[in-house]
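Asker: here is the input, now give the coordinates:
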Amino acid sequence: MTTSWAIEQLMETLMASWPRRGRRLLVIGADPGIYCRFLWSCGFDVVLAAPSARIVAEARQSLGTTADIHLAQPDHLPWEEDAVDYALVLFAMTPKNRQAVITEAVRVAHSGVMLVFGDTLALARPFAPSLPQAGPWWVLRRLLRLAHPAGHLRSASVIPSLRLPWGAKPLLVPPGIGPCCGILHDFSPTPATTPLWAWRHGMEVS
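Answerer: Numbers count the residues shown, from 1 in each chain. Presented below is the predicted three-dimensional model:
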């Protein structure tokens, strides 16, 4: 529970500026029993791209009508350009397919993309050795920028297994420190947060 809670806090903080009501969020590669329900509770209309028939069946049983569930591979999505408002790539990348997955996520999303992944070179990587690894955060950031040059990026990381006092929020730290990294690419031409806000939340903004 500590791990999923910390990752949820990372996602919620990064996407704080995204409008929710009536917005479609495509979740690529999520654990249907945890994160899709959380994102639905945040106010998004959740669409799940599940990579196997087993995950589709599990998702339909656990999520019911809270998500629109499809069988789809992360590097070959069956949607047209700008089909959804946002896309979230959630532990669905490897060093081999990351460029194709990011390209597909950017293609189908109209307003923004968020990546959540294991950072292979994070200083605190030994605290979360089981996280699926996609590469160093700056490589993923560069691939996002190449896929969609316009807009603004925000990055932060978290140490999911870090034990905190009861009721304390997980500590967000700059990318490159926590083994679980999040990068949000907002396609809008104006930044949604100020540098001071980002600094207080341990984020890198560009």
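Asker: so which bits of stretch 142-159 are buried?
Answerer: 143-144, 147-148, 151-159 (16 or more other Cβ atoms under 10 Å). Every C-beta, even on glycine, is put in place using the N, C-alpha and C of the backbone.
Asker: the strands in this protein, which residues?
Answerer: Per DSSP state E, the chain has strands spanning 24-28, 45-50, 67-71, 84-90, 109-119, 133-135, 152-158, 172-173, 180-186, 204-205. These are given in chain order.
Asker: least reliable of those strands by average pLDDT, please.
Answerer: Lowest mean pLDDT within these: strand 204-205, a mean of 62.
Asker: which helix runs longest in the protein?
Answerer: As far as residue count goes, and with DSSP state H defining each element, the longest helix of the chain is helix 2-14.
Asker: tell me what that helix is packed against?
Answerer: helix 35-41, strand 109-119, strand 152-158, strand 172-173, strand 180-186 (3 or more Cβ pairs under 8 Å, 6 or more residues apart in numbering; DSSP states H and E).
Asker: which one of the buried residues of stretch 142-159 is nearest to Ser17?
Answerer: For the buried residues of stretch 142-159, the residue nearest Ser17 by Cβ to Cβ is Arg154; the value is 8.7 Å.
Asker: name the nearest residue to that closest one, sequence neighbours excluded.
Answerer: Leu184 (4.7 Å; Cβ to Cβ, 6 or more residues apart in numbering).
Asker: for Phe38, same thing?
Answerer: By the measure of Cβ to Cβ, 6+ apart, the closest residue to Phe38 outside its immediate chain neighbours is Glu8, 5.1 Å from it.
Asker: neighbours of the one you found, how many?
Answerer: Applying other Cβ atoms under 10 Å, we find 18 other residues in the vicinity of Glu8.
Asker: for Ser52, same thing?
Answerer: Using other Cβ under 10 Å, Ser52 has 10 neighbouring residues.
Asker: quick one: contacts for it?
Answerer: Under the criterion of Cβ atoms under 8 Å, 6 or more residues apart in numbering, the neighbours of Ser52 are Leu71.
Asker: ends of stretch 73-93, what's the gap?
Answerer: When the termini of stretch 73-93 are compared using Cα to Cα, to the nearest Å, they are 11 Å apart.
Asker: and that stretch, what's buried?
Answerer: Using 16+ other Cβ under 10 Å as the test for burial, stretch 73-93 gives 73-75, 77, 79, 83-93.
Asker: ok now that stretch, how far from the chain's centre?
Answerer: Per Cα atoms, centre = their mean, to the nearest Å, the displacement of stretch 73-93 from the mean C-alpha position of its chain is 11 Å.
Asker: before we move on, back to that, just the helices and strands packed on helix 2-14: most buried one?
Answerer: Across the helices and strands packed on helix 2-14, the average number of neighbours (mean count of other Cβ atoms under 10 Å) peaks for strand 180-186, which reaches a mean of 27.
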